[in-house]
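S.K.: All I have is the shape, not the residue letters:
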């Protein structure tokens, strides 16, 4: 079974600085999708960024970018120019491209604090 | 993306009672998913609800405890039956954003349940 590991329970960053959140995963599949979700204290889960495993180019969404290392099974999230509104729980998630059902696996989460 | 609403947003219930949570989507979706997020934890999939068929439950979750209805392509309910304090969690509804099962999942705002 696929597993997702986030080894950083908590991280903090100074406003306007850059922070990187780590995520590793374990799978025997060659095609899959990876996601980063943000969950603010209001608890609404918001998609931050997604990556298709067959794409070599790292996904980017404004201040958010990923470093996808398929061979190392690593999928880190970089937040540039951090803002106070970035403070939230961040979850890394894996989804199989082969399963017609759900099969989305979440990491334990990283709580990000942004200091003014 | 899909706009998802849930009712109630929160509730405090007595042990032994049942609560039905509603999930409404602004567009027709094939698959809807119910997750549980225990305090300070990550998300765990309870079941997948397809319209016109029985819900598919994950290991550790049973229909008698978490009956699900899916009467049409925009609506689903999850009932938490015979509640105990261990059922205190946030319950999240989720849908696929597109026709393909491998598309991104979007989440409702969640229902915070406290069982006394």
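M.R.: Perfect, I can see it now. All values reported here derive from a predicted model rather than from experimental measurement. Residues are numbered from 1 along each chain as shown, chains lettered A, B, ... in the order given.
S.K.: what's the spacing between the residue nearest to residue A:29 when sequence neighbours are not counted and residue A:75?
M.R.: Excluding the flanking residues, the one nearest residue A:29 by Cβ to Cβ, 6 or more residues apart in numbering or on different chains is residue A:96, at 5.9 Å. To be clear about C-beta, it is placed using only N, CA and C from the backbone, and glycine gets the same treatment. Distance check for residue A:96 against residue A:75: by Cβ to Cβ, to the nearest Å, it reads 15 Å.
S.K.: confidence score at the nearest residue to residue A:53 once chain neighbours are set aside?
M.R.: Distances taken as Cβ to Cβ, 6+ apart place residue A:32 nearest to residue A:53, at 4.7 Å, with adjacent residues excluded. pLDDT for residue A:32: 90.
S.K.: What residues are recorded as beta-bridge partners of the residue nearest to residue A:29?
M.R.: Under the criterion DSSP bridges, residue A:96 forms beta bridges with residue A:32.
S.K.: Would you confirm that it contacts residue A:32?
M.R.: Yes: at 5.4 Å, residue A:96 counts as touching residue A:32 under the criterion of Cβ atoms under 8 Å.
S.K.: before we move on, the earlier item: and for the residue nearest to residue A:29, the neighbour number?
M.R.: 20 (other Cβ atoms under 10 Å in any protein chain shown).
S.K.: What parts of chain A come near chain B?
M.R.: With the criterion set to Cβ under 8 Å from any Cβ of the partner chain, chain A comes near chain B through A:33, A:35, A:37, A:42-47, A:50, A:91, A:95-97, A:99-102, A:104, A:106-109.
S.K.: Surely residue A:80 touches residue A:86?
M.R.: No: if you go by Cβ under 8 Å, residue A:80 and residue A:86 don't touch, sitting 10.1 Å apart.
S.K.: Who are the contact partners of residue A:12?
M.R.: Residues in contact with residue A:12 (Cβ atoms under 8 Å, 6 or more residues apart in numbering or on different chains) are A:19, A:112-115.
S.K.: By proximity to chain A, which residue of chain B wins?
M.R.: Closest residue of chain B to chain A, Cβ to the nearest Cβ: residue B:107 (3.7 Å).
S.K.: For the residue nearest to that residue when sequence neighbours are not counted, grab the count of nearby residues.
M.R.: In space, and not counting its chain neighbours, residue B:107 is closest to residue A:45: 3.7 Å by Cβ to Cβ, 6+ apart. Neighbour count for residue A:45, taken as other Cβ under 10 Å: 27.
S.K.: In the chain, what helix or strand scores lowest on average pLDDT?
M.R.: Going with chain A. Least confident helix or strand of chain A, by mean pLDDT, DSSP states H and E, is strand A:104-106 with a mean of 88.
S.K.: look at chain B instead
M.R.: One helix or strand of chain B scores below all others by mean pLDDT, DSSP H and E: strand B:105-107, with a mean of 89.
S.K.: Angles on the backbone of residue A:84, please.
M.R.: Backbone torsions of residue A:84, given as degrees, to the nearest 10, read phi -60, psi -30.
S.K.: swap in residue B:74?
M.R.: According to degrees, to the nearest 10, residue B:74 has phi -120, psi 0.
S.K.: and the residue most central in space within chain B, what helix or strand is that in?
M.R.: Centroid-nearest residue in chain B, with Cα atoms, centre = their mean: residue B:34, separated by 3.1 Å. Per DSSP states H and E, residue B:34 falls inside strand B:31-37.
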